[in-house]
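Enquirer: sequence and predicted structure are below.
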Amino acid sequence: MCRLFGFRSVIQSQVHRSLLAADNALMIQSQRHPDGWGVAYYVGGAPHVIKSAHTAMEDQIFKRVSGVVSSQTVLAHLRKATVGDINLLNAHPFQFGSWVMAHNGEINNYAQVRDKLRAEIAPELRRYILGDTDSEVLFYLFLSRLARRTDLHRKGAPIEAVVEALAETIEQTRAIADGPGQEERSKLTIIVTEGNTMVAVRSNMPLLFSTYKARCMDRDQCPFLSPECEAPTITGKVNHLILSSESLQGDNTWIDMEEGEIVGVDWGMNLYRGSCAPSAA
């Protein structure tokens, strides 16, 4: 399957270590996930999405991008293809306006249920589907549900609306794709963001998160240092949220998300932890 990495911080930060330099950085993981990569980062509130159908380990563009990206919000993905050809259109993250999404997993029986799933997407959004992956359909299913709750072009989307839309997307996908007697449910681990709010759900594929370090290497010069940087938050606010398919080496303290758990931060970096409804978990 694929690999996910999400980063949200109160300050502009370089993530080249997580993407490039650590012993188990995303580039190293691409040896096992060779079917394309993508990095989305935000500048002035606008997403910049760079994607490739090549293996990140061998791609000089990935190395150049990972070495210079400095942003408060980053979403990266390594693809191991299960549905759809290996090409640029099928590489993650997918983008619509300021929203980007990456998915790790696979919808059960996708060839048989594709038309039913697409029929649930708002017609004004359906026409933007360009590739042939189940992941892109999931993205527009999510946007269709989110559009019922808030303006898709609003800055700082309400986290409650994002959580509800994501949970409904998973529940509806399972209702269509996971029929009676299905031994294994669809794999629907997802990260979404519009640059301010970032939300992730663990659904049948692993995902971990971190909001603090054992000791911050920049503690002596960082103007944003707070107790939440080096211990679990007691105020509800955090200075950073990192999401990853596997723990990355370094000082971050990692928490394994539970099945069906939803974790995210809103525009004010307030930490959210909840879960899908039992029928969607």
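Expert: Received the coordinates, thanks. Residues are numbered from 1 along each chain as shown.

Enquirer: just checking, Leu166 is part of a strand?
Expert: No. Counting by DSSP: H, G, I helix; E, B strand; the rest coil, one finds Leu166 to be helix, located in no strand.

Enquirer: who does the residue nearest to it when sequence neighbours are not counted bridge with?
Expert: Nearest non-adjacent residue to Leu166, counting by C-beta to C-beta, 6 or more residues apart in numbering: Val201, 5.5 Å away. Where C-beta positions appear, they are placed from N, C-alpha and C, glycine not excepted. Counting by DSSP bridges, Val201 is bridged to Ile190, Ile262.

Enquirer: neighbours around Val201, how many?
Expert: 27 (other C-beta atoms under 10 Å).

Enquirer: wait, doesn't it sit right on Arg273?
Expert: No. The criterion here is C-beta atoms under 8 Å, and Val201 misses it with Arg273 at 11.4 Å.

Enquirer: mutual contacts of these two, please.
Expert: Glu261, Ile262 (C-beta atoms under 8 Å, 6 or more residues apart in numbering).

Enquirer: which parts of the stretch 51-200 of the chain are strands?
Expert: Secondary structure of the stretch 51-200 of the chain (DSSP state E, counting those that start in this stretch): strands at 70-78, 94-96, 99-106, 187-193, 198-201.

Enquirer: remind me what the last one packs against, helices and strands.
Expert: Strand 198-201 makes packing contacts with strand 3-14, helix 159-177, strand 187-193, strand 240-244, strand 261-265 when contacts are defined by 3 or more C-beta pairs under 8 Å, 6 or more residues apart in numbering; DSSP states H and E.

Enquirer: pick out the shakiest of the ones you listed, pLDDT-wise.
Expert: Ranked by mean pLDDT, the helices and strands packed on strand 198-201 end with strand 3-14 in last place, scoring a mean of 84.

Enquirer: just want the angle from it to strand 70-78.
Expert: Angle of strand 3-14 versus strand 70-78, following axes from the mean of the first three to the mean of the last three C-alpha atoms, to 10 degrees, is 170 degrees.

Enquirer: for Pro227, which of the strands of the stretch 51-200 of the chain is the nearest?
Expert: Pro227 lies closest to strand 70-78 among the strands of the stretch 51-200 of the chain, at 20.6 Å (C-beta to C-beta).

Enquirer: which residues does the most centrally placed residue in the chain contact?
Expert: Nearest to the geometric centre of the chain sits Ile191, at 2.2 Å (C-alpha atoms, centre = their mean). Contacts for Ile191 (C-beta under 8 Å, 6+ apart) come out as Leu4, Gly6, Leu75, Met101, Ala102, Met198, Val199, Ala200, Leu243.

Enquirer: just checking, the third one touches Arg8?
Expert: No. Under the criterion of C-beta under 8 Å, Leu75 is not in contact with Arg8, lying 9.2 Å apart.

Enquirer: if we can go back for a sec, which ones are touching the residue nearest to Leu166?
Expert: Leu166, Ala167, Ile170, Leu188, Thr189, Ile190, Leu207, Gly260, Glu261, Ile262, Cys276.

Enquirer: ok, 6 Å please
Expert: By C-beta atoms under 6 Å, 6 or more residues apart in numbering, Val201 lies in contact with Leu166, Ile190, Ile262.

Enquirer: now Ala157
Expert: By C-beta under 6 Å, 6+ apart, the neighbours of Ala157 are Thr150, Glu194, Thr197.

Enquirer: go again with 10 Å.
Expert: 98-99, 146, 149-151, 165, 192-197, 199, 266-267 (C-beta atoms under 10 Å, 6 or more residues apart in numbering).

Enquirer: now do Met269
Expert: Residues counted as contacts of Met269 (C-beta under 10 Å, 6+ apart) are 8-10, 72, 196, 198, 211, 228, 233, 236-241.

Enquirer: closest one to Leu130 out of those, please.
Expert: Met198 (23.9 Å).

Enquirer: separation between that closest one and Ser245?
Expert: From Met198 across to Ser245, the span is 15 Å (C-beta to C-beta, to the nearest Å).

Enquirer: same deal with Lys237?
Expert: Lys237 is 26 Å from Ser245, by C-beta to C-beta.

Enquirer: neighbour count: the two, which is higher?
Expert: Per other C-beta under 10 Å, whichever of Lys237 and Ser245 has more neighbours is Ser245, with 23 against 16.

Enquirer: pretty sure that one is touching Ile190, no?
Expert: No. The pair Ser245 / Ile190 is not scored as a contact, 11.8 Å apart, by C-beta atoms under 10 Å.
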